[in-house]
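Q: Pasting the sequence and the predicted model now:
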Amino acid sequence: KNIVVLISGNGSNLQAIIDACRANKITGNVVAVLSNKANAYGLERAKLADIPAYFVDPTLYNDRTDYDKALIEKIDAYQPDIVVLAGFMRILSPDFVTHYQHKLLNIHPSLLPKYPGLHTHRQVLANKDSFHGVTVHFVTEELDGGPMIIQARIPVLPDDTEQSLQTRIQAEEYRIYPLAIGWLADERLKMQNNQAVLDDIAL
Ligand code: GRF
């Protein structure tokens with residue numbers, strides 16, 4: 001299966017996905033990486049892995065719709081079976097989401113539906129939550145609101161900081177994102193009636 005990954009930063013999730021494909025844990029290949037940030041280290045990771053990497057410069061487009069249209073053109077050139085958002089820090093237009101629906105995934109560092117949006121680790125600490133976590137979900141027009149596929153949960157420790165939480169959360173991300181992508185690549189997972197269905201088990 002052809003996997004296209006969209007990033008905006010370090011790309012450590014991208015790296016985990018590339019490695020999982022190389023280790024045959026995902027029946028697929030990352031065929032292209034696109035970023036809205038020129039300096040995203042993830043673009044470097046793609047180049048090091050001999051994967052086509054593109055900086056798509058938002059300043060060249062008039063508005064979100066035009067930018068997303070350019071993204072679609074570049075992505076569709078690779079005939080993607082799966083489009084993965086991995087730390088992609090832009091809101092996508094409804095046209096984009098509709099174009100890739102049922103094959104568009106995102107990872108969000110919270111136990112959704114808690115804490116959609118930004119600064120999740122900070123909110124967990126501020127609210128003295130006992131647990132924190134991360135969610136892989138299908139992307140729909142609702143920001144961080146699509147059908148959930150898999151979650152990982154970690155305890156919040158007394159001396160936890162935003163950084164220590166991010167480190168433990170990211171360790172879980174590198175485990176559950178390749179798992180979810182692998183299920184989609186093997187056609188064990190699908191989105192049906194706005195629900196994630198895994199091998200006929202409603203999740
Ligand atoms: C991830 O931790 C993810 O939870 C959030 O953004 C971060 C991206 O990190 N969406 P990276 O670019 O994959 O290293």
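A: Ah, there it is.
Q: Which single residue of this structure ends up nearest the ligand?
A: The nearest approach of the chain to the ligand comes at Gly87, 2.5 Å away (CB to the nearest ligand atom). From N, CA and C alone the C-beta is placed, and that goes for glycine too.
Q: And the pLDDT for that residue?
A: Here the pLDDT value assigned to Gly87 is 97.
Q: go on, the one 4 residues further on?
A: At Ile91 the predicted local confidence, pLDDT, stands at 92.
Q: repeat for Leu105
A: Per-residue confidence for Leu105 comes out at a pLDDT of 98.
Q: same question, Asp57
A: Asp57 is given a pLDDT of 98.
Q: Might you report the residue contacts of the nearest residue to Phe131 once chain neighbours are set aside?
A: Counting by CB to CB, 6 or more residues apart in numbering, Phe131 lies nearest to Arg153, which is 5.3 Å off, once chain neighbours are set aside. With CB atoms under 8 Å, 6 or more residues apart in numbering as the criterion, the residues that contact Arg153 are Leu111, Phe131, His132, Gly133.
Q: can we see that at 10 Å?
A: Leu111, Phe131, His132, Gly133, Val134, Thr135, Glu172 (CB atoms under 10 Å, 6 or more residues apart in numbering).
Q: a helix runs through it, doesn't it?
A: No - note on Arg153: no helix contains this position according to DSSP: H, G, I helix; E, B strand; the rest coil, which reports strand.
Q: Against Lys114, how distant is it?
A: 11 Å (CB to CB, to the nearest Å).
Q: who touches both of the two?
A: Common neighbours of Arg153 and Lys114 (criterion: CB under 10 Å, 6+ apart): Phe131, His132, Gly133, Thr135.
Q: and those as CSV, adding distance to Asp199, pLDDT and secondary structure?
A: Rendered in CSV, the data for the shared contacts of Arg153 and Lys114 read as follows (distance: CB to CB, whole Å; pLDDT from 0 to 100; DSSP: H, G, I helix; E, B strand; the rest coil):
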residue, distance to Asp199, pLDDT, secondary structure
Phe131, 27, 98, strand
His132, 28, 98, strand
Gly133, 23, 98, strand
Thr135, 20, 98, strand
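Q: lowest-pLDDT helix or strand in the protein?
A: One helix or strand of the chain scores below all others by mean pLDDT, DSSP states H and E: strand 201-202, with a mean of 72.
Q: re the thing from before, the contacts of Arg153, buried ones only, as a PyMOL selection?
A: This is the PyMOL syntax for the buried subset of the contacts of Arg153, where burial follows 16 or more other CB atoms under 10 Å:
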select buried, resi 111+132+133+134+135+172
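Q: tell me the SS of the residue lying farthest from the centre of the chain?
A: Of all residues in the chain, Pro158 sits farthest from the chain's C-alpha centroid, using CA atoms, centre = their mean; the distance is 29.1 Å. Put simply, Pro158 is coil when judged by three-state DSSP.
Q: Could I get the pLDDT score of it?
A: According to the per-residue confidence, Pro158 scores 96 in pLDDT.
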